[in-house]
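J.: Below is the sequence, then the predicted model.
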Amino acid sequence: MTEQELIKKLSSLGGKASAIEHPLAKRIYFSCEAENSYEISRFLFEDIGARFVIATALDCQDCFEIIYHFSYDQNGCVINQKTFIRDRQKPQVQSITPFLPAAEWIEREMHDLYGIDFKGHPRLERLILSDDWPEGNYPMRKEVKK
């Protein structure tokens, strides 16, 4: 499947994937809201055959953003799914571990550092922070004083 065909497939998701960009060869970026993230990630993995590489989180002041990075190895394209979590008081998104167990540790890491709740995660417990780290204090959030 070519990059243009990948973009066409993403466009066919009924508006769930928006702001689809192709700024560089072998790179596709698109955005989605948290409530569509699970379905789109599953589509990329199961229907398209893209390989999950990693996910990264950002505190964008008005929302949290998770970028899921997938590789479409058949043509060397990297697909970046930007997921926006708008509720800063109770940030949550559906865990992708039911179909992608490899995401278990990175979701735990994002939970530790940002306080994002991954609904349906099989073992959402501390991974990085020490056991005596203050509960509810997330070191990568912008409001945390260092």
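T.: Great, that's in hand.
J.: what's the span of stretch 22-30, first residue to last?
T.: Separation of the first and last residues of stretch 22-30 by C-alpha to C-alpha, to the nearest Å is 9 Å.
J.: right, and F43 touches L13 too?
T.: Yes. In terms of C-beta atoms under 8 Å, F43 counts as a neighbour of L13; the distance is 6.9 Å. All C-beta spots, glycine's among them, are computed from the backbone N, C-alpha and C.
J.: Would you mind telling me which of those two has more residues around it?
T.: In this comparison of F43 against L13, neighbours counted by other C-beta atoms under 10 Å, the higher total goes to F43 at 19 against 16.
J.: List the residues that contact that one.
T.: Going by C-beta atoms under 8 Å, 6 or more residues apart in numbering, F43 touches L13.
J.: Could you check how far it is from F30?
T.: Distance, F43 to F30, using C-beta to C-beta, to the nearest Å: 12 Å.
J.: Any buried residues in the helix of greatest length in the chain, and which?
T.: Of all the segments assigned as helix in the chain under DSSP state H, the longest by residue count is helix 104-114. Buried residues in helix 104-114, defined by neighbour count with 16 or more other C-beta atoms under 10 Å: E104, I106, E107, R108, E109, M110, H111, D112, L113, Y114.
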